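Q: Dropping a prediction and its sequence here:
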Amino acid sequence: MSSIQEQMTARIAAGEFGSPPNIAQINAAWSEYMEEELAKRGAKPVYHNISGLWPETSGKVAFSGRVKDEITIPSGSKLLCFKNMSENDKAPDLSLVWVSYEQ
């Protein structure tokens, strides 16, 4: 889901806050989202490498890569895929990363 509004709508629809929804619980959830968002403002992003991605020529897979180290990506993390501009023919076309923010 792309926005906090969509996430909250889905949580309410799933009955996470009771039926009928408990307004105090909804307000507490909004408050948590706001605190997370405010904590990110002004903080510098930190990009954590997941894998390089190379194009695949067969089947339904567009790109593939391998993870070298064990990775734990926190839920709600943003994933980004950067285009690599390299003269090296063996370099990956894309780089997949997840983002955290300095505190």
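A: Arrived safely. Numbering: from 1, shown residues only.
Q: What residues of the biggest helix by length in the chain count as buried?
A: Counting residues, the longest helix found in the chain (DSSP state H) is helix 23-40. Counting neighbours by 16 or more other CB atoms under 10 Å, one finds that the buried residues in helix 23-40 are 26, 29, 40. C-betas here are computed from N, CA, C, even on glycine.
Q: would you turn those into TSV with pLDDT and distance to Gly59?
A: Compiled in TSV, the buried residues of helix 23-40 are given as follows (pLDDT from 0 to 100; distance: CB to CB, whole Å):
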residue	pLDDT	distance to Gly59
Ile26	87	44
Ala29	88	41
Lys40	74	38
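Q: ok, the spatially most central residue of the chain - contacts?
A: Centroid check for the chain by CA atoms, centre = their mean gives Lys78 as the closest residue, at 2.4 Å. Listed by CB atoms under 8 Å, 6 or more residues apart in numbering, the contact partners of Lys78 are 98-99.
Q: mind listing the helices for the protein?
A: For the chain, applying DSSP H gives helices covering 4-13, 23-40.
Q: By mean pLDDT, show me the worst of those helices.
A: Within those, confidence is poorest for helix 23-40, with a mean of 82 (mean pLDDT).
Q: quick one: it to helix 4-13, angle?
A: Interaxial angle, helix 23-40 versus helix 4-13 (axes from the mean of the first three to the mean of the last three CA atoms, to 10 degrees): 150 degrees.
Q: which residues sit against helix 23-40?
A: 4, 7-8, 11-12, 16-18, 76, 101, 103.
Q: Repeat that for stretch 90-103.
A: 39-40, 43-55, 63, 65, 73-74, 77-84.
Q: List the buried residues for it?
A: Within stretch 90-103, the residues that qualify as buried by neighbour count (16+ other CB under 10 Å) are 92, 94-98, 100.
Q: Now Lys68: closest residue in space that isn't a chain neighbour?
A: The spatial neighbour of Lys68 that comes closest, neighbours along the chain excluded (CB to CB, 6 or more residues apart in numbering), is Ser51 at 7.7 Å.
Q: ok now stretch 52-59, how far from the chain's centre?
A: 22 Å (CA atoms, centre = their mean, to the nearest Å).
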